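Visitor: predicted model, plus sequence, below.
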Number of protein chains: 2
Amino acid sequence: MFTDVKEALTYVDEILTRAEVFGHAIHVLTYDQETICPPKAMEEQGEVIAELGNMSFKLTKDEKFVEAGEYLYAHREDLDSFDRSLAESLHRNYLKTKNITPEKNHEFSLVYNKAFVTWLEAKQKADFSVFAPSLSDVIRINREDVSLREEALPDLYDNLLGDYERGLTQKDLDETFGKCKERLLPLLERIKNSKKVIRTDFLSRPAAEEPQRQFARYLLELMRFDFERGAFTTSEHPFTDGLGRNDVRLTTHYHEDMFYANMYTVTHEGGHALFEMLQPRENYDHHINDLKSMSMHESVSRFYENRIARSESFIDLVYPKMKELFPTVLERVSAHELYEAMNTVTPSLIRTEADEFTYTFHIIIRYEIEKAMIRGDVRVEDLPALWNQKYEDYLGIRPANDREGILQDVHWTFGMGYFPTYALGNMYNAMYYNRMKTELDIDAAVRAGDFAKINDWMAQNVFAQADRLDAHTWIRGITGREFAPDDFLDYLEEKYSAIYEL
Amino acid sequence: MFTDVKEALTYVDEILTRAEVFGHAIHVLTYDQETICPPKAMEEQGEVIAELGNMSFKLTKDEKFVEAGEYLYAHREDLDSFDRSLAESLHRNYLKTKNITPEKNHEFSLVYNKAFVTWLEAKQKADFSVFAPSLSDVIRINREDVSLREEALPDLYDNLLGDYERGLTQKDLDETFGKCKERLLPLLERIKNSKKVIRTDFLSRPAAEEPQRQFARYLLELMRFDFERGAFTTSEHPFTDGLGRNDVRLTTHYHEDMFYANMYTVTHEGGHALFEMLQPRENYDHHINDLKSMSMHESVSRFYENRIARSESFIDLVYPKMKELFPTVLERVSAHELYEAMNTVTPSLIRTEADEFTYTFHIIIRYEIEKAMIRGDVRVEDLPALWNQKYEDYLGIRPANDREGILQDVHWTFGMGYFPTYALGNMYNAMYYNRMKTELDIDAAVRAGDFAKINDWMAQNVFAQADRLDAHTWIRGITGREFAPDDFLDYLEEKYSAIYEL
């Protein structure tokens, strides 16, 4: 038994440092799977990942490690805020995994990996039936996983939501999304009925890969991405991965007929990357560098993507570079026309390419489907029909096939509960944007390309505490106000009323 | 104690299967280091690789595993040829590592990784002094490693040579390289004095990256590289890595002012890749898939690079595609002019870009320097001067800096003894080319783009036994003759006499 916190901390540090060897390898192997690994090797590599994950899992199941963690949790009031966060995380993790054997953990990993592989195949074939059995398996093990937890919440889905944002429940989301629908649905109608004509004719003009690559690099340099401590490549499904203190990677994807997709992927993933790169060094020393909730993470990526990169100041800033790299795409297109085009509201099928306004509906649709799926209110084979119906109901459009419908997102290969964090991210950043505005002239900084100023504010206010606080405490700390979607809804109303002259 | 081979085989299989989880992860992590890993994360990732390597090492140090291996070795006559090769390999490995503790092994790994990182930095700065301390460390641990081996050969360098080609000694190499010098030096003089003028004016005409990428892909498709079981990317220093039965990866590098560098990198690395892809499936089941010597491997890569891709039939085959992709580079250049340009003899500084003829001198230089270095006949700080002097002596040219001199190759970051295998590879493939020629019309197959025919012959004759035989037995099996450099020297004399009209 441990008798002082120092001794317990030393032991925990030793084990977690060992576990991080596996963690690092798993990050690289997963990154490799998403970017390079050949199709026929995917499953084998997934098995290697599962094996290494289990070795790490076993380390944290060790009795002495659990004792140390519980000792620290019992004495958490004696710890500094970094170690306290670690202790709380160890305790939460202990409750979650206490009844999960390494064999069970390994079984779970294999199911997730298999789901990822079949999803890739299903998406390529645009055939949901290829993925359906794996999705049923994922739901089954989500249920089994939660049933094995100590002190689980009574409702299954609430537990899954909490995995991505601690404390988040359906009650909160129903209320938040209710407000969104109440204000956004009528606003969407008004936008649809607006007489304003926004030019979009140039959006599908072809842009070659090479200038797109150069533009992506230019954007990341502008954002102050540190290429010495990070990497930038491509993948079918763009993502960001923080592999370590000195290794943050993001990917993009080039579409020849959608030059702006790369632009918003890079600013979005670049935001995630900055959050990882500019978090306090101490987070790594205390093994708490990945405790930030996904809502916090998405708030930052969407801050850079939407609040910054869809602003008129930003468009004015990058317009000359774009004219240089894409002369034919922007032939006879003014900066203001580009700004408006980047902010057209057009109901569309693919979430990651959705405009800022309709995006929330993509999330609401997924949230409602997840709830139905987890409650068993819909059979797995009926999901594509439900998906298509919801797109019809909310956005008035209907996918032509499963690839542009229910198979578009990777998330269900690893479980339910992630999607709402995207929408919450928009709401958090609307709150801290309003706060930031009182302290610095954001538009002037953007026009000057002075991202150091913006990043510094983000680092001090948004990034610094993120891994040590739950989301509601964190946003209260930044803004002095309770979480609510109103700032976001006000912002949308104001911005789109101006653009659509409502 | 084991009492039957079946039981011992089962145990060995179980442990090696577990070790391969680490092996697979290490391959991916190393591939990642060479291709993507950001500069500041290199050392940390090296430490992860060393840790995983040590976990694997510990598995094979397990007493019961050693017992099983030694039992199999004692009963090797009762085994089939796959298991016999495995047993022999386990025994050799046991003798090599018996006295090496996991701590020592870990120390070695860290030295090699550190050497790799400092070499990268030194090369970038073109400053040998940055790498010198690491090189001294590598020599020191090479010496220590050999001193700890059971049944080591009396001479240090002979042991290191044997690590890449079993049984290879300086006595063999002195004789082989002696013959080379005897015939090639006077021939080089005659070439230098030839009146023949070969056009090379177009070789540095700029070729953009995109068509080079397309051409690389075209070449790999021609060679029947299986993209479902392999990947193809770029790296500063091209290489091939066989990660598993379904995962063989190669890289290339695009130089805008050297379009042909990509062409010969891809055919060379593509050769390595085919060897890995087309080896018997049983090699994997029996854990002997990487027992082939490096000379065998280089014989295959250089077969595809030189014997195939530098032949006039091959140039005729790919010329139309090249005209299409590089119209300005090949403007007013005939296929025959291209063939001659791809076969000019020009003493040059960089081994990997050397022509087929002078290549052997690049190896002889490195061989002589390694011998001197290992015997302690030259101080590490004096190596650049020795390097430059040898280039002057053999090729009449002198590097302007260490980057294009002694720092050009990665090999010394992991030890000495590798380079000779490149030259031996040329000699082996000259022998089996002559044999192949008696069984199929190679030129006709190449002209028809019928690589399936060539690959099949290679798979049946060259690849099939490689992992189960030492190189001399292997080449005897393929050709019915003893190893000698004469076929290679005859080939060079005949080919270059024709080109230079000697």
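Guide: Looks like it came in fine.
Visitor: ok, residue A:19 to chain B distance?
Guide: Distance from residue A:19 to chain B, counting by C-beta to the nearest C-beta, to the nearest Å: 11 Å. Using the backbone N, CA and C atoms, a C-beta is placed for each residue, glycine as well.
Visitor: so where do the helices sit in the stretch 301-450 of chain A?
Guide: With DSSP state H, counting those that start in this stretch as the criterion, the stretch 301-450 of chain A has helices at A:312-325, A:335-341, A:359-375, A:383-395, A:420-439, A:442-447.
Visitor: out of those helices, which gets nearest to chain B?
Guide: helix A:312-325 (15.1 Å; C-beta to the nearest C-beta).
Visitor: as TSV, the helices of the stretch 301-450 of chain A with distance to chain B, mean neighbour count and mean pLDDT would be great.
Guide: Listed next are these as TSV, based on distance: least, C-beta to the nearest C-beta, whole Å; neighbours: other C-beta atoms under 10 Å in any protein chain shown; pLDDT from 0 to 100:
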stretch	distance to chain B	mean neighbour count	mean pLDDT
helix A:312-325	15	18	98
helix A:335-341	26	18	98
helix A:359-375	31	21	97
helix A:383-395	28	17	97
helix A:420-439	26	22	97
helix A:442-447	27	17	98
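Visitor: can you say which of the ones you listed is nearest to residue B:102?
Guide: helix A:420-439 (43.1 Å; C-beta to C-beta).
Visitor: before we move on, the earlier item: nearest to residue A:497, out of the helices of the stretch 301-450 of chain A?
Guide: Ranking the helices of the stretch 301-450 of chain A by proximity to residue A:497 (C-beta to C-beta) places helix A:335-341 first, at 13.7 Å.
Visitor: who's in contact with the closest one?
Guide: A:198-200, A:202-203, A:260, A:312, A:315-316, A:319, A:322, A:330, A:333, A:499 (C-beta atoms under 8 Å, 6 or more residues apart in numbering or on different chains).
Visitor: just how off-centre is it within its chain?
Guide: Taking C-alpha atoms, centre = their mean, to the nearest Å, one finds the center of helix A:335-341 at 27 Å from the center of the full chain.
Visitor: how about stretch A:275-282?
Guide: Worked out by C-alpha atoms, centre = their mean, stretch A:275-282 lies 17 Å from the chain centre.
Visitor: what about residue A:241, which SS state?
Guide: What DSSP: H, G, I helix; E, B strand; the rest coil gives for residue A:241 is strand.
Visitor: mind listing what it touches?
Guide: A:27, A:30-31, A:248-250.
Visitor: from the residues you listed, which ones fall inside strands?
Guide: A:248-250 (DSSP state E).
Visitor: roughly how far does whatever residue of the stretch 201-350 of chain A ends up closest to chain B sit from residue B:413?
Guide: Going by C-beta to the nearest C-beta, chain B is nearest to residue A:247 of the stretch 201-350 of chain A, at 3.6 Å. Here residue A:247 is placed at a distance of 21 Å from residue B:413 (C-beta to C-beta, to the nearest Å).
Visitor: what about these two, which has more around it?
Guide: Between residue A:247 and residue B:413, counting by other C-beta atoms under 10 Å in any protein chain shown, residue A:247 is the more crowded of the two (27 against 20).
Visitor: isn't that one right up against residue B:45?
Guide: Yes: using C-beta atoms under 8 Å, residue A:247 makes contact with residue B:45 at a distance of 7.4 Å.
Visitor: any common contacting residues for these two?
Guide: residue B:37.
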